[in-house]
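*Asks:* give me a 3D structure for the following:
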Amino acid sequence: MRKLFSTEVEAFGLRGRIWTAHYGPAHSRVTPSQLRAGPAYVLLHGIGVSHRYLARLHAVLDASGPTYSLDLPGFGGTPKPERRLSVADYGAFIAAVLKSRGIDSYYLVGHSMGVQFSIETALHAPDAVLGLVLMGPVVDSRHKNVGRQSLALAIDGLFHESPSSNWIVLTDYLRCGIRWYLTELPVMMAYPTMERVAHLQVPVLVLRGDRDPVAGSDWSLRLSRAAAEGRLSEIPGCGHVVQHLRPKAVADAIKSFVSPVTQA
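*Replies:* Predicted structure coming up:
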C-alpha cells in the first residue's frame with residue numbers, strides 16, 4: 001500500500017490534517033497543472049477514529065483519481081478544540097480547508113459519523129460537491145439512544161470485523177481520548193440524518209456491508225429514498241467497517257456510482 005503524506009490544515013481556528021499519496025497537493029495549494037485526471041475523492045472518518053481505517057480504500061480509489069483523506073479536529077491526534085463542535089461546524093471546516101487547497105470539485109465519501117460530516121459539507125458548499133457516498137450511515141432509527149448504539153458497535157466488533165480493523169479502531173479511540181469522544185457523541189446521536197439528506201441536491205449513494213448491525217438494511221434503504229437522487233448498494237459478507245475488509249468492492253461500487261454522474 002502506498003505511503004500517504006500529510007500536512008496540517010487550519011480553518012476557523014481549528015486544526016486538522018489532510019493526507020494524499022502524492023506529495024504536493026496536500027502540502028500546498030493545488031494548481032491546474034497539478035490536478036490529475038478523474039474525479040477527486042475526499043474521505044471522511046467517523047467519531048473517535050482517523051484516516052487510518054480508510055487507508056485501504058484511499059489506495060484503491062487513488063488509482064482512478066486524486067484522493068484525499070482528512071483527520072478532523074479532535075481526532076487522529078489532532079489538537080482538541082476548546083468547545084464542542086456541531087456537525088455543521090465540521091462541515092464548514094471541511095469545505096474551507098478543501099477550498100484553501102484549491103480542491104474545488106469533489107465527491108465526498110463519509111463513513112459512520114463521517115456521513116453526517118459529508119452531508120453538512122455538501123450543504124455548506126453545494127457548488128463544489130459532485131455527489132455523496134454515505135457508508136454505514138448513522139444513526140439508525142433503531143439505535144436512537146447511546147446504549148443501543150453501543151451494543152450495535154460491540155456486536156459488530158465481536159462478530160463482523162477483522163482483527164486489523166478492530167486494532168485500528170481501538171488505538172484510534174485511545175488517541176482521541178474519552179473526553180473528546182463523549183463530547184461529540186451527543187452531537188452524533190442528535191443529528192437528524194434523514195431530514196438533512198432530504199435537502200441534498202446532488203446524487204447520493206448509500207453503501208453498507210450486508211452484515212452491518214450499526215447501519216441496518218431498512219434504515220439504509222429509507223435513507224437512500226429520502227435523497228432527491230439516491231441509491232443503495234450492499235457489499236456481501238461485511239460489517240460496519242466495510243471499506244477496510246473489502247476496499248476493492250467498495251471502490252468498484254463508488255466508481256460505478258460516479259461514472260454516470262461524471263458523464264451526465
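*Asks:* let me see the contact set for V87.
*Replies:* 116-117, 119-120, 187-188, 191 (C-beta atoms under 8 Å, 6 or more residues apart in numbering). No exception for glycine: its C-beta is placed from N, CA and C like everyone else's.
*Asks:* actually R211, not the one I typed
*Replies:* Counting by C-beta under 8 Å, 6+ apart, R211 touches 159-160, 237-239.
*Asks:* which of these count as buried?
*Replies:* Buried members of those, counted by 16 or more other C-beta atoms under 10 Å: 160, 238-239.
*Asks:* now do the helices in the stretch 51-200 of the chain.
*Replies:* Along the stretch 51-200 of the chain, counting by DSSP state H, counting those that start in this stretch, helices occupy 55-62, 87-100, 113-124, 146-159, 163-176, 178-190, 193-197.
*Asks:* and the host helix or strand of S256, what other elements does it pack with?
*Replies:* Taking DSSP states H and E as the definition, S256 sits inside helix 247-263. Under the contact criterion of 3 or more C-beta pairs under 8 Å, 6 or more residues apart in numbering; DSSP states H and E, helix 247-263 touches helix 55-62, strand 106-111, strand 129-135, strand 204-209, strand 230-235.
*Asks:* which helices and strands sit right next to the first one?
*Replies:* Same thing as helix 55-62. Using 3+ C-beta pairs under 8 Å, 6+ apart, helix 55-62 sits against strand 41-44, strand 67-71, helix 242-245, helix 247-263.
*Asks:* at 6 Å instead, please
*Replies:* Helix 55-62 is packed against strand 67-71, helix 247-263, with contacts defined by 3 or more C-beta pairs under 6 Å, 6 or more residues apart in numbering; DSSP states H and E.
*Asks:* contacts for it, please.
*Replies:* Residues from elsewhere that reach helix 55-62 (C-beta atoms under 6 Å, 6 or more residues apart in numbering): 1-2, 21, 41, 43, 67, 69, 243-244, 247-248, 250-251.
*Asks:* need those residues in JSON lines with distance to S233, can you?
*Replies:* Shown next, in JSON lines, are the contacts of helix 55-62 (distance: C-beta to C-beta, whole Å):
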{"residue": "M1", "distance to S233": "24"}
{"residue": "R2", "distance to S233": "26"}
{"residue": "A21", "distance to S233": "25"}
{"residue": "Y41", "distance to S233": "16"}
{"residue": "L43", "distance to S233": "17"}
{"residue": "T67", "distance to S233": "19"}
{"residue": "S69", "distance to S233": "21"}
{"residue": "Q243", "distance to S233": "12"}
{"residue": "H244", "distance to S233": "17"}
{"residue": "P247", "distance to S233": "14"}
{"residue": "K248", "distance to S233": "14"}
{"residue": "V250", "distance to S233": "9"}
{"residue": "A251", "distance to S233": "12"}
